[in-house]
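Undergrad: Quick one: sequence plus predicted model below, questions after.
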Amino acid sequence: MWRHARIAVAGIVGAYVLVLAALFVLMRRPPMQFALTIAKVPGPFFSLVPFRQVWILARAGQLRVGDPAPDFCLETLDRKGQMRLSSFRGEKPVVLVFGSYT
């Protein structure tokens, strides 16, 4: 009887580890792919996994304090051109604000 119980527990733990690994891999995908997939997951799933901790681990970047920001390009507000972060390097300070004013 104990042998069957150990096998069952090992199977449940193994399945849980596989689910966490799959979630980790899913979180490493581009945000839109992740959002489209995770939207199909039933709500109770999120109470069974340490979602926040896996997210922080999966989305952790390689930058450290003091590293230069990676270069990127964004469209201007009037949609008539693009701005590149590197074009400001050495000329003036740049402040990036991620959020909403509304």
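TA: On my side now, so go ahead.

Undergrad: Could you find the closest non-adjacent residue to the residue positioned nearest the centre of the chain?
TA: Centroid-nearest residue in the chain, with CA atoms, centre = their mean: residue 59, separated by 3.8 Å. Spatial nearest neighbour of residue 59, chain neighbours left out: residue 27 (6.3 Å); criterion: CB to CB, 6 or more residues apart in numbering. In short, each C-beta sits where N, CA and C put it, glycine included.

Undergrad: Help me confirm that the one you found comes into contact with residue 56.
TA: No: at 9.6 Å, residue 27 and residue 56 do not qualify as touching, with contact defined as CB atoms under 8 Å.

Undergrad: ok but residue 61 is inside a helix, no?
TA: No: Residue 61 is assigned coil when assessed by DSSP: H, G, I helix; E, B strand; the rest coil, not a helix.

Undergrad: Could you identify the helix or strand that succeeds the lengthiest helix in the chain?
TA: Across the chain, the longest stretch assigned as helix under DSSP state H is helix 2-27. Following helix 2-27 in sequence order, the next helix or strand is helix 31-38 (DSSP states H and E).

Undergrad: Who are the packing partners of that next one?
TA: Helices and strands touching helix 31-38, by 3 or more CB pairs under 8 Å, 6 or more residues apart in numbering; DSSP states H and E, are helix 2-27.

Undergrad: now the angle from the helix it packs on to helix 31-38?
TA: Interaxial angle, helix 2-27 versus helix 31-38 (axes from the mean of the first three to the mean of the last three CA atoms, to 10 degrees): 140 degrees.

Undergrad: Give me the buried stretch members for helix 2-27, please.
TA: Buried residues in helix 2-27, counted by 16 or more other CB atoms under 10 Å: 20, 23, 27.

Undergrad: and it, what does it pack onto?
TA: Using 3+ CB pairs under 8 Å, 6+ apart: helix 2-27 touches helix 31-38, helix 51-59.
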